[in-house]
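Enquirer: only geometry, no sequence info:
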């Protein structure tokens with residue numbers, strides 16, 4: 001037996017050619033009408049025999065009867081063969097597994113057009129079978145038919161019966177198509193509509209999602225640091241007046257400080273592939289309530305005796321300066337009474353906290369003491385004492401252990417109602433001439449010049465220690 005398509009030899013009874021894969025139709029595809037025709041033919045033959053018997057009115061001769069029986073048997077045999085063959089072909093035509101296997105064999109032989117037909121027939125029988133859809137898609141890919149390949153993959157990600165693995169595989173294949181042709185806009189649109197978090201997470205660098213604002217829009221009574229964030233690598237651009245930003249607008253690099261006023265902030269994100277997100281706009285009204293001003297009890301004026309500058313009541317979060325500038329968070333924090341400096345001084349106090357600040361309180365002082373003994377005299381006397389005690393051997397502060405000590409005036413104050421004293425502290429000088437406190441202090445009487453050792457505890461309490469005269 002030879003194949004009618006390619007002429008190759010075939011085993012007897014084979015239903016397809018192993019050489020070319022062509023189906024061998026002995027008879028046309030069997031349909032229900034075939035069965036009806038068989039039944040009608042058999043009925044007609046029976047009727048003819050019956051009529052002949054009635055007409056002749058006598059028995060048919062044995063020889064003719066034998067030939068008629070052979071004829072009937074032949075016809076019945078042919079009809080049975082047709083019936084069996086039609087039944088087999090009908091089963092194959094309606095079998096998903098048969099159509100699938102035929103498609104796979106055609107793919108192995110690179111007969112892609114035939115494989116497509118078999119897969120299409122299998123999908124007609126089982127239209128929701130995702131595995132069949134993948135099989136057909138792969139054939140289109142082998143044929144380099146990217147349009148049908150992409151269409152089938154998009155159908156797969158919509159299938160409710162598709163497993164997570166199948167969905168993720170379909171997304172991966174689609175993204176590979178777009179990435180190969182640098183169609184990053186299609187990747188972005190595909191991922192924005194994706195409900196599978198693992199897929200979005202895996203390809204987040206291709207997504208241009210709109211920026212997220214750290215605080216919801218609305219009314220605020222204090223300064224707000226607004227942070228903008230976006231997924232993936234790229235840049236955020238924004239405006240403060242509600243207009244749509246572009247790549248020439250301000251680029252977000254640090255929190256946007258929203259102070260007193262109204263803001264309409266519009267922002268968008270551009271990822272590393274040049275894909276732009278949607279615009280996001282939010283409005284803010286900032287109306288900062290001022291903090292209460294510090295209550296400085298020491299009034300401005302001229303003073304002859306050491307005086308402490310104090311704040312009564314709530315003294316928390318108060319910062320001050322002595323050079324006339326407005327205090328900020330970088331200025332000196334008030335932690336307790338401040339010794340008034342000698343000469344003229346200009347203090348400014350401000351309370352700062354929670355993004356708010358109070359009004360400024362200003363005080364001007366002039367402290368001139370009724371003594372000719374100066375702070376510089378006090379420093380010299382302390383140096384003289386250190387030389388006499390053997391700690392240093394010259395006025396420059398050099399010590400025998402190679403260290404260099406320096407003595408610096410700090411402030412003037414009344415100690416324990418004993419008298420007024422200049423406070424001098426000891427420092428260790430480094431190689432870069434920086435000074436580090438050693439923790440040793442001296443109190444020098446502002447009127448007599450007598451030197452005491454001074455002990456200051458953690459609460460700011462003073463203790464005067466007499467210095468024994470050196471022999």
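Expert: That came in fine, so what should we check first? Remember, it's a predicted structure, so these values are computed and weren't measured experimentally.
Enquirer: distance check, the residue nearest to residue 310 when sequence neighbours are not counted against residue 452.
Expert: Across the structure, with C-beta to C-beta, 6 or more residues apart in numbering as the measure, the residue nearest residue 310 apart from its sequence neighbours is residue 337 (4.7 Å). Bear in mind the C-beta positions are built from the backbone N, C-alpha and C, glycine included. The gap separating residue 337 from residue 452 is 21 Å, by C-beta to C-beta, to the nearest Å.
Enquirer: same question, residue 149
Expert: The gap separating residue 149 from residue 452 is 95 Å, by C-beta to C-beta.
Enquirer: residue ranges of the strands in the stretch 301-450 of the chain, please?
Expert: For the stretch 301-450 of the chain, applying DSSP state E, counting those that start in this stretch gives strands covering 301-303, 308-309, 311-312, 318-321, 332-333, 338-339, 343-353, 356-357, 361-367, 405-415, 419-429, 435-445.
Enquirer: contacts only, for the residue nearest to residue 310.
Expert: Neighbouring residues of residue 337 by C-beta atoms under 8 Å, 6 or more residues apart in numbering: 308-310.
Enquirer: ok, so of these, who is nearest residue 216?
Expert: Within the contacts of residue 337, proximity to residue 216 (C-beta to C-beta) peaks at residue 310, which comes in at 43.0 Å.
Enquirer: report the contact partners of that closest one.
Expert: Under the criterion of C-beta under 8 Å, 6+ apart, the contact partners of residue 310 comprise 296-298, 337-338.
Enquirer: now tabulate those residues in JSON lines and tack on pLDDT and distance to residue 246.
Expert: Listed next are the contacts of residue 310 as JSON lines, based on pLDDT from 0 to 100; distance: C-beta to C-beta, whole Å:
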{"residue": "296", "pLDDT": "96", "distance to residue 246": "51"}
{"residue": "297", "pLDDT": "95", "distance to residue 246": "57"}
{"residue": "298", "pLDDT": "96", "distance to residue 246": "57"}
{"residue": "337", "pLDDT": "94", "distance to residue 246": "57"}
{"residue": "338", "pLDDT": "95", "distance to residue 246": "53"}
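Enquirer: looking at those, state which has the most neighbours.
Expert: With neighbours set by other C-beta atoms under 10 Å, the maximum within the contacts of residue 310 is found at residue 296, which has 21 neighbours.
Enquirer: so how far is residue 349 from it?
Expert: The span separating residue 296 from residue 349 equals 6 Å under the rule C-beta to C-beta.
Enquirer: identify the contacts common to these two.
Expert: Among the neighbours of residue 296, those also in contact with residue 349 (C-beta under 8 Å, 6+ apart) are 311, 361, 363.
Enquirer: does the second one touch residue 327 like I think?
Expert: In other words, residue 361. No: using C-beta atoms under 8 Å, residue 361 makes no contact with residue 327, being 9.9 Å away.
Enquirer: neighbour count: these two, which is higher?
Expert: Neighbour tally, residue 361 and residue 327, criterion other C-beta under 10 Å: the higher count belongs to residue 327, 23 against 18.
Enquirer: enumerate every residue touching the more buried one.
Expert: Residue 327 makes contact with 319-321, 348-350, 352, 360 under the criterion C-beta under 8 Å, 6+ apart.
Enquirer: mind running it again at 6 Å?
Expert: Contacts were defined as C-beta atoms under 6 Å, 6 or more residues apart in numbering; by that measure residue 327 touches 319-321, 348, 350.
Enquirer: closest one of those residues to residue 175?
Expert: Within the contacts of residue 327, the smallest distance to residue 175 is 55.7 Å, found for residue 319 (C-beta to C-beta).
Enquirer: next one: residue 330 from residue 257, what distance?
Expert: Using C-beta to C-beta, one obtains 16 Å as the distance from residue 330 to residue 257.
Enquirer: more neighbours: which of those two?
Expert: Taking residue 330 and residue 257 together and counting by other C-beta under 10 Å, residue 257 has the greater number of neighbours (11 against 7).
Enquirer: for the more buried one, phi and psi?
Expert: When quoted as degrees, to the nearest 10, the phi and psi of residue 257 stand at phi -80, psi 120.
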